[in-house]
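Enquirer: Return atomic coordinates for the entry below.
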Amino acid sequence: MGLEELRKSILEKAQRKASKIIEDAREKAKKIVEEAREEYYKRLSKEREQALRKLKEEENRKYISKVMELNLELVNLKNRILNEIVSELKRRLETLSEELRKESLRKLVKEALNTGIFGSGRVVIKVIPNDVKLIKDIIREEGLEDQVASVGKISSEFLGGVIVESEDGSIALDNTYATRLDKVMPKLIEKLNKEVFGLGKQ
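Expert: Numbers count the residues shown, from 1 in each chain. As a prediction, the model looks like this:
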């Protein structure tokens with residue numbers, strides 16, 4: 001083999017080796033770029049998920065906070081309406097005409113006496129100060145003088161009505177407006193929830 005052929009053979013080997021190195025470098029670079037791209041998209045996806053989760057958590061917090069705020073407003077509104085209704089009912093009870101008040105007292109006294117819990121014993125009838133004259137008229141008109149031992153007074157906070165007690169005070173029946181109003185409150189609240197706020201409807 002001549003010198004020229006030897007040089008040519010060495011050059012060819014060197015070129016093949018260089019081509020192989022370049023090809024390997026390209027493959028490695030391609031692999032590195034691909035891995036970097038995958039890593040980038042993984043991180044991007046992870047960051048996007050974290051950002052989305054944080055956003056959802058923040059929106060949930062805002063939603064829950066708003067729901068609680070609206071519920072509080074609703075409760076306050078219901079209480080305000082209920083208080084207004086109760087105030088109006090009390091005002092009407094306090095301003096009943098004498099005729100209506102007298103008939104109401106008559107009915108409440110009869111209702112209490114007809115329960116039978118006092119037997120044949122005498123009773124004490126208690127009313128607010130403004131109703132003392134009315135109840136004495138009712139006792140006379142209904143012929144209850146023998147059954148009623150005395151008439152007593154209760155606080156005006158009871159709004160009206162009667163408390164009937166056995167003469168010894170061992171039995172008492174509260175038929176006052178305030179107590180009857182307290183008893184009707186749950187039904188009033190239920191009606192308010194259904195008719196005003198639409199709660200509890202099927």
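
Enquirer: tell me what the helix ranked longest in the chain is packed against?
Expert: The residue-count maximum for a helix in the chain (DSSP state H) belongs to helix 3-94. Counting contacts by 3 or more CB pairs under 8 Å, 6 or more residues apart in numbering; DSSP states H and E, helix 3-94 packs against helix 177-195. Glycine gets a C-beta too; all of them are placed from N, C-alpha and C.

Enquirer: quick one: the helix it packs on to helix 3-94, angle?
Expert: With axes from the mean of the first three to the mean of the last three CA atoms, to 10 degrees defining the directions, helix 177-195 sits at 140 degrees from helix 3-94.

Enquirer: And the contacts of helix 177-195?
Expert: 78, 81-82, 85-86, 89-90, 93, 157-161, 199-201 (CB atoms under 8 Å, 6 or more residues apart in numbering).

Enquirer: Stretch 117-135 now?
Expert: Taking CB under 8 Å, 6+ apart as the rule, stretch 117-135 contacts 98, 101-102, 105, 109, 113, 139, 146-156, 158-167, 169, 171, 173.

Enquirer: which regions of this structure sit below the pLDDT cut-off?
Expert: 1, 198-202 (pLDDT under 70).

Enquirer: can you rerun that using 90?
Expert: Scanning the chain for pLDDT under 90 picks out 1-62, 65-67, 69-97, 115-121, 149, 167-170, 181-202.

Enquirer: about what we covered before: need the next SSE after the longest helix of the chain, C-terminal direction.
Expert: Per DSSP states H and E, the first helix or strand lying C-terminal to helix 3-94 is helix 98-113.

Enquirer: Which positions in that following helix come out as buried?
Expert: Residues of helix 98-113 classed as buried under the neighbour-count rule (16 or more other CB atoms under 10 Å) are R101, K102, S104, L105, R106, L108, V109, A112, L113.

Enquirer: repeat for stretch 159-177
Expert: 159-166, 173-177.

Enquirer: circling back: among the contacts of stretch 117-135, which are located in strands?
Expert: 148-153, 161-166, 173 (DSSP state E).
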